[in-house]
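Participant: here is my input, please return the structure:
(3 chains)
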Amino acid sequence: MTAPAPDAPASRPALSALTDDAGLLYGADWNPEQWGPDVWREDVALMQAAGVNLVTVGVFSWARLEPAPGRYDTDWLDQVLALAHAHGVMVDLATPTASPPPWLGVRWPGARAVTADGVRLSHGSRNHFCPSSPHYRERALAVVRALVDRYAGHPAVRMWHVGNEYGQVCYCEHCAARFRTWLRERHGTLDELNRAWGTTFWSQRYGDWGEVVPPRAAPYLLNPTQVLDHRRFASDLLLDLYLEQRDLLRERDPGTPVTTNFMGFHGLTDYRRWAPHVDVVADDVYGDPADPDSPVRVALTHDLVRGLAGGAPWMVMEQAAGAVNWRPHNVPKTVAQMRLDSLRAVARGADGSCFFQWRASVFGAERFHSALVPHAGPGTRLHRAVVEHGAELTRLRQVVGTRVPARVALVFDWPSWWAAEEPAQPSDRLRVLPQVLAYYAPLWRAGVAVDVVGPDADLSGYDLVVAPQLYLVEDAHVAGLRSVVERGGVLLLGPFSGVADRDGHVRTGRFPVPFADLVGGSGEEHVPLADAGVTVRSALLGDFTAHDWAERVRVDDGEAVATVDGGDLDGAALVVRRAHPSGGEGWYVATTPPQEVVDAVVDACLRAAGVTGALAVRPPDGVEVVRRGDVLFCLNATDEPRTVPLDGAWHDLLTGADVADHVLLAPHDAVALTERTS
Amino acid sequence: MTAPAPDAPASRPALSALTDDAGLLYGADWNPEQWGPDVWREDVALMQAAGVNLVTVGVFSWARLEPAPGRYDTDWLDQVLALAHAHGVMVDLATPTASPPPWLGVRWPGARAVTADGVRLSHGSRNHFCPSSPHYRERALAVVRALVDRYAGHPAVRMWHVGNEYGQVCYCEHCAARFRTWLRERHGTLDELNRAWGTTFWSQRYGDWGEVVPPRAAPYLLNPTQVLDHRRFASDLLLDLYLEQRDLLRERDPGTPVTTNFMGFHGLTDYRRWAPHVDVVADDVYGDPADPDSPVRVALTHDLVRGLAGGAPWMVMEQAAGAVNWRPHNVPKTVAQMRLDSLRAVARGADGSCFFQWRASVFGAERFHSALVPHAGPGTRLHRAVVEHGAELTRLRQVVGTRVPARVALVFDWPSWWAAEEPAQPSDRLRVLPQVLAYYAPLWRAGVAVDVVGPDADLSGYDLVVAPQLYLVEDAHVAGLRSVVERGGVLLLGPFSGVADRDGHVRTGRFPVPFADLVGGSGEEHVPLADAGVTVRSALLGDFTAHDWAERVRVDDGEAVATVDGGDLDGAALVVRRAHPSGGEGWYVATTPPQEVVDAVVDACLRAAGVTGALAVRPPDGVEVVRRGDVLFCLNATDEPRTVPLDGAWHDLLTGADVADHVLLAPHDAVALTERTS
Amino acid sequence: MTAPAPDAPASRPALSALTDDAGLLYGADWNPEQWGPDVWREDVALMQAAGVNLVTVGVFSWARLEPAPGRYDTDWLDQVLALAHAHGVMVDLATPTASPPPWLGVRWPGARAVTADGVRLSHGSRNHFCPSSPHYRERALAVVRALVDRYAGHPAVRMWHVGNEYGQVCYCEHCAARFRTWLRERHGTLDELNRAWGTTFWSQRYGDWGEVVPPRAAPYLLNPTQVLDHRRFASDLLLDLYLEQRDLLRERDPGTPVTTNFMGFHGLTDYRRWAPHVDVVADDVYGDPADPDSPVRVALTHDLVRGLAGGAPWMVMEQAAGAVNWRPHNVPKTVAQMRLDSLRAVARGADGSCFFQWRASVFGAERFHSALVPHAGPGTRLHRAVVEHGAELTRLRQVVGTRVPARVALVFDWPSWWAAEEPAQPSDRLRVLPQVLAYYAPLWRAGVAVDVVGPDADLSGYDLVVAPQLYLVEDAHVAGLRSVVERGGVLLLGPFSGVADRDGHVRTGRFPVPFADLVGGSGEEHVPLADAGVTVRSALLGDFTAHDWAERVRVDDGEAVATVDGGDLDGAALVVRRAHPSGGEGWYVATTPPQEVVDAVVDACLRAAGVTGALAVRPPDGVEVVRRGDVLFCLNATDEPRTVPLDGAWHDLLTGADVADHVLLAPHDAVALTERTS
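Facilitator: Numbers count the residues shown, from 1 in each chain, chains lettered A, B, ... in the order given. Got it, this is the predicted structure:
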């Protein structure tokens, strides 16, 4: 049940099969099962008017499709697909397996998931299935088979959408058995499991595979490697579920691409292991409009997802047009934000921009989630903006299929994240995603393109590699990271990096153990800081006070860039670097400094690596600049107008206007410029 | 198991049967089972000295009455009742069914309630029974039968008190079965259930009644209509428990009134469905002395409870004399607050003011709850105040049976409250009770009498009807609310009103859908606000910054009273009104403005409706003014003296003093004035 | 299963048997099962170099010792013990029963503990056993028998260490049965249980022993005496576990002392009942380096533990050398703090200073807990300090066996603490340990030695007895406390003292009921204060504002030391005292005043009792002064140098320097002075 070998990484023509016909994809989840035929007809007419060319249908329709075990009702779907096709709307047809009907869990209680506390969950919400339940799996495959046998080759059905937002964890006995199988495959022998899990600690040695259980409720801290392996397993188990359906769909409808919707930096699924198995990389993106960092955060997520697609085009499968419903206080996107978010995805490599959902539900738990057709109907500001944006996207057709070239890589790894945030780490104030954002933000502001990659990536094409908090580094990945410096590039390591090995064991010796020689300094103690922090002197970065985190690092054969002044850490080198004969540099930031200090470190590394942004100069504050193919996107995420300096003469695809030397961006406005050759 | 038709609403002579004999009722819960006969004798002597004329006996005495199943011991109760009667103290005899003895749940584990997580609760506290358990119900009726058969017609027993503070919820299989029965009665068919619950959403369609369960622990958001119906059911289930006993008592002791104790705005019981079935409306009132809004909050609750009694007299069954024990930090009432709280209830229609409890327990979980006889004994400041207050109440006898006339109605509805505060609403910063208080407070401060009524009430007698956040409005209630304006009255709707129908489905169209034409404006988007809020201009109300909540409302054929200035909501009309040919006005406040803006809106509506307060002028700050029958109550809830202007010459029933033109109130003092005919 | 009679309190030669050979004990937990023989050999060499003379071995080695039920593997331990012995390191050999191997709970699920919610806990952490499980107990005794039979008389094994940090609670049926047995022994009859638990409250009367259960999850507040007795029982149950092993070890290896590690003010174990049954009182001490009060808090804990040892020497079994891993943010000790903490223990009576742990684990939940040998190896600042401290301790050999004489007793009692902090007390802002610290701090600052004792202690040797918040006082202990005043001493009672009796019943009458006449004032109402607090006037203490807590106290035949000015409590005497013909004084502080007011009260009581500190004058701020035997310890817990005035001429054992008149202490430095007779 470990993930199979990735598919041949071909050139993935799957998405282009759709975009060749339709240009940039634009659409939404469509839930016709919530409405009657009159509304369906109004829907498809409105879709056509709005330029919608793709809808995802049937994500939660299992109970409608199979009202009783083995009794299928597809007439309604026949009509729906015919209507879509007649109006030029392609369908991404979903398998409805994310949410089984009540009858499943009532007939087979074991098909419902169990929490770590042993509570068997109820239906009445969604996603309550146990991913290991034989009954769930059997009935899920049966309904998928019924669907594919009916709709394989249907002219409306251009893509299969398997399940929805995989993210369950279950602790039942079925799952325990699958966990054991997975562990046997990973570790081979029980001795090796005992070694990897460090079971001599706290008398946890397993004498029999049958003694191994998932990390259920226990009196105190759980074995961290057990927890880490369980997170790996839980992701692989869901992938296994996906693959069962994917294989069935491929077998019976070989020509149609298969996908599922990812969720960016989702904590329960290592998408690096999933991405090779989807024909189209599709992501759900729900930035919080109330968060001022949202544009940066969302851009980072797009760069992650583009990396999952190997740099090839991907698509946004879901985003909100206005408000969501699941935050405590759901500030809606403005229509300007809706448009800017959509263009941001396109700028960062998306060939499709879809929404959840087409028409607002009037019942159910998501009735207050926004939609392209609000409760108040199409005669609304929001729907008018939807129509305008549909038209605008057709003017960007030339970006379809193009890429976003990058000379900077940012290393992010799911298992390392999981391991770094287990309980009983030195400090819960050091968190991976905030560190990743802190190192990404200056690159975003500089208009520097970034690929977010795994530690096993081929790094040979990058001049600067940033690993913000790469806590866990497998032995097999050390050489690749080291080679960046060895061939003349710059490697920038953030705090608490290189600490653990593949099993989460702490590497003994002076840290960052696998890289200490590369950065020219080495540490012996992690020092979560008292609230007052420590004073740090740095000629290059400016003096600062470090809070939360420091490490007792000495300079070896490198250079101290920033040094503690006073107190018990006096003299500790919190930023070290070493220049190498190759021309490369190794940097280590052994603290969590203020953002402006991180900015200065990143700027210094960019200079050392000779990397510049998409513009000749630094973009104005709050303006995001990305070059995709031949198109230069400038997005103003601020409430104020901004003037962006340009070299030469350009043409804005969105407005058709010509500009030269600079372009003026209204608040929340954007341009998509191509160079005029004139 | 739905609630039966209300009893013939007769004139409810029940309470007057007691007050005719005794005047205003004054007393407490008395728990003689915690003490021996010597203390009983001291108790009744002290009661007589304090003017106590009513005690509630036996609320938690089941284990004492029935130490083993079927073995009853009532000798002690014979003595207690005889002692009370001999000292002129009437008894409200409780059925002891709120807390079964340990033997019940040990013999029949299914008689213990189960949480939504599946945990079966233990005895050792109180109220641990499952309301659907056949064993609980059978044993409860048996002990009630034993009681009534022994004490029917006993001269001391003047009222039956069924159970105590009903408020359990249980998720066991017995309760699931009753839930299904209730749903069948409500919805008739499974198709109708599926429609009402919107089960096409998230694949929740029920194919069989047996698949329907209470809203148990689930992985994510539950179906909101399932949750709403379950809350309705849970209240009706408890009412059904009450009625079983009520019917038995009526059958065997037809002459004696039956009641139970309500808890004001309690979240688990829709008292509008209960009130028709109690002979005396009795309420437990526990305002927090540490809360400066407590006087307003408690007055609001009294007006709610008086409404439950149809405007007829009611009584306070429980209140604290000093501190309670169940808050984290229990600031006690001062003796002045104790007296003022008691007079507040009388002013607002209560014909009885009783306390929990007579004598402080020395053991058990409520040993630090205050009592009329403290641990330190009767020679204490608190007990002396109790005696004085008893004497004082006799001087108010003339208010007995009189009413509090009101021209203003405030609409509050339990199902609407429940529906509005489900998870996954637009914002958890918009809460019903705070909205209700915000609109009630200016009426309280103006000395304007208010009836709190349901949306199904006969509104024809009111000149102003305020619905602070009436989220859910059944179709059947729309006409009654609209008629207020149509016949020349003023209807004031607070934010997020008229959103949902009876099943909690969102009404489609421009909101407030059933009332948009009435208020002359309509909205298309709910806008939880970013923390900075929005600037609002209003000539009538003064400019203000709105926080938390706004709605994208446009003016149709009404008038913009307050309009957003700038930002994405620029031009949105956050307060609209429309004057009608009838002379009536419709108002809609589509935001949560600062309190002073709510005050100004309410004042404008009062002026439009021609409603004034109990005084010719606005009462001084912090002085509560209520007219009950012929008596004008003025209560000073502040720490400072206050002068209340009066027209004419008055006589204070409490002190016997005559005043004219004005009356001076000491801090926390009160007067009860009758007009002197000179 | 109640605790047996204490052992004959002999002079406890157990610890001296070790210290006679080795001087002050110095060492750590050693976990060789986590490493191979090469590391073992490096370990013992490093131990020898560091002056380590005692290691605790095998605490978590059950799975290593008994990989399958009944199959023992002790070869590795043979080697480990031989290596230790060969390098002059004594071994404290642990029974490994704190954490059973997975096979135990898999074979016998009932051997795993159950929470109050009914969740049966899993293995994968530690300490997951049910203390009542017959299977756990049987297997635990079997492995202990195997160990003792192999190692009794082994020259390396100088002490037995039973289990580890006892602190489990389980709510399963086995534990319920033992609870009943314990209750029968405590209460004799069911009638007495019903009386003691006050089961007439809320209908909780038990008709059969079988109905009695532990305080499992219930709908609301539990019976407070049930909870209190359960806490007593839970401690006794663990003690019973300990005793089973202790008795077995004594029987089979009579010459070797037996201990277990206490945890200071641990909430689940009444160490007063445990202490008579350990041969060596040993404590685990984990002060938080980020807490500025840590030196005072730790000193208080040491004084508690010394009291458990009856004033005789004790030892620190565990402390951190740097950081721990279980706080959210683990600020490490500096090496200066590590040394100062160790010397603080010696100053306060410890004859041993041991650490957790010797070598840092690289896996398991404690991999980020510091150790004497860090991950970065012995060539680190921390390890160098460890070696230096080992040498330094040898220079203090003369303190071995000596005592810390005290004229002040501070009364602390576990059952009183438990009872005082149950839910539904008047205020959760009044907490026992903060009160204890508030009254201890001024004594610490004054350099006054304090014995922390139980309310049943012989108080005849003390001139001042302080009971900071002695909520529960058994009748049997009243006379002893009263006698302090009667024979001319000073008794100082903190707020909310003397409230409850042995069963937690509130004593009726004016409080503090058993002592009101002694302090000359009496109260009638507990008054948790509104946030503004109350103004208090005091000529002696200075005026102040009281927050959180006050009591309505009047002066009887004593003297008001501090009186409320204004508000509802106007005139209440918040501090009262009474001078007695004996020359003694009784004081009662009926509030929680600012710390400087507590300081003033304590200073006044010290003056009244004629007690002075270890120096002729008050020590400088932040300098801790303790006299142990002939040695005067001065510890500077501040970041600044301090000059300590001295009478006469002294010799510093740590540095060998002679000083006179004063000694200069560097930041975080210490001296251990003996008087020069010159």
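Participant: not including adjacent chain positions, what is the nearest residue to A:Gly153?
Facilitator: A:Asp253 (6.8 Å; CB to CB, 6 or more residues apart in numbering or on different chains). Quick note: C-beta positions are derived from backbone N, CA and C, even for glycine.
Participant: what about that neighbour, how many neighbours?
Facilitator: 20 (other CB atoms under 10 Å in any protein chain shown).
Participant: check A:Asp531 too.
Facilitator: 9.
Participant: thinking it is in contact with C:Ala290, fair?
Facilitator: Yes: with contact defined as CB atoms under 8 Å, A:Asp531 reaches C:Ala290; the gap is 7.5 Å.
Participant: now the lowest-mean-pLDDT helix or strand in chain A: buried residues?
Facilitator: Lowest by mean pLDDT, DSSP states H and E among the helices and strands of chain A is helix A:14-22, with a mean of 94. Buried residues in helix A:14-22, counted by 16 or more other CB atoms under 10 Å in any protein chain shown: A:14-16, A:18-19, A:22.
Participant: what does stretch A:73-89 rub up against?
Facilitator: A:27, A:30, A:32-33, A:37, A:40-41, A:43-45, A:47-48, A:52-55, A:57-58, A:61, A:64-67, A:90-91, A:93, A:146-147, A:150-151, A:154-157 (CB atoms under 8 Å, 6 or more residues apart in numbering or on different chains).
Participant: now, which of these lie close to chain B?
Facilitator: A:33, A:61, A:64, A:67 (CB under 8 Å from any CB of the partner chain).
Participant: out of the residues you listed, grab the one that's most surrounded.
Facilitator: Going by other CB under 10 Å, A:Ser61 tops those with 29 neighbours.
Participant: quick one: A:Trp358 and chain B, what's the gap?
Facilitator: From A:Trp358 over to chain B the distance is 14 Å, taken as CB to the nearest CB, to the nearest Å.
Participant: enumerate every residue touching that residue.
Facilitator: So A:Trp358 contacts A:27-31, A:43, A:47, A:52, A:55, A:371-373 (CB under 8 Å, 6+ apart).
Participant: C:Leu443: which of those is nearest?
Facilitator: C:Leu443 lies nearest to A:Ala371 out of the contacts of A:Trp358, by CB to CB, at 68.6 Å.
Participant: what count of nearby residues applies to that closest one?
Facilitator: 24.
Participant: before we move on, back to that, from the contacts of stretch A:73-89, which land in helices?
Facilitator: A:37, A:40-41, A:43-45, A:47-48, A:64-65, A:146-147, A:150-151 (DSSP state H).
Participant: as TSV, these with distance to C:Tyr166 and pLDDT would be great.
Facilitator: Compiled in TSV, the ones in helices among the contacts of stretch A:73-89 are given as follows (distance: CB to CB, whole Å; pLDDT from 0 to 100):
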residue	distance to C:Tyr166	pLDDT
A:Pro37	70	98
A:Trp40	68	98
A:Arg41	73	98
A:Asp43	67	98
A:Val44	71	98
A:Ala45	74	98
A:Met47	68	98
A:Gln48	73	98
A:Arg64	58	97
A:Leu65	58	98
A:Ala146	60	98
A:Leu147	59	98
A:Arg150	65	98
A:Tyr151	64	98
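Participant: just the buried ones out of those residues, please.
Facilitator: Buried by 16+ other CB under 10 Å: A:40, A:43-44, A:47-48, A:64-65, A:147, A:151, out of these.
Participant: and the closest residue to A:Phe511 other than its chain neighbours, what element?
Facilitator: Excluding the flanking residues, the one nearest A:Phe511 by CB to CB, 6+ apart is A:Gly523, at 4.9 Å. Using DSSP states H and E, A:Gly523 sits within strand A:521-528.
Participant: report all helices and strands that that strand contacts.
Facilitator: strand A:549-555, strand A:573-579, helix C:381-394 (3 or more CB pairs under 8 Å, 6 or more residues apart in numbering or on different chains; DSSP states H and E).
Participant: which of these sits closest to chain B?
Facilitator: Set against chain B and scored by CB to the nearest CB, the helices and strands packed on strand A:521-528 come closest in strand A:549-555, at 28.4 Å.
Participant: A:Met90 touches A:Leu54, doesn't it?
Facilitator: Yes: using CB under 8 Å, A:Met90 is in contact with A:Leu54, at 4.8 Å.
Participant: okay, the two: which has more neighbours?
Facilitator: Higher neighbour count among A:Met90 and A:Leu54: A:Leu54, with 26 against 21, using other CB under 10 Å.
Participant: please spell out which residues along stretch A:165-183 are buried.
Facilitator: A:165-172, A:174-176, A:178-180, A:182-183.
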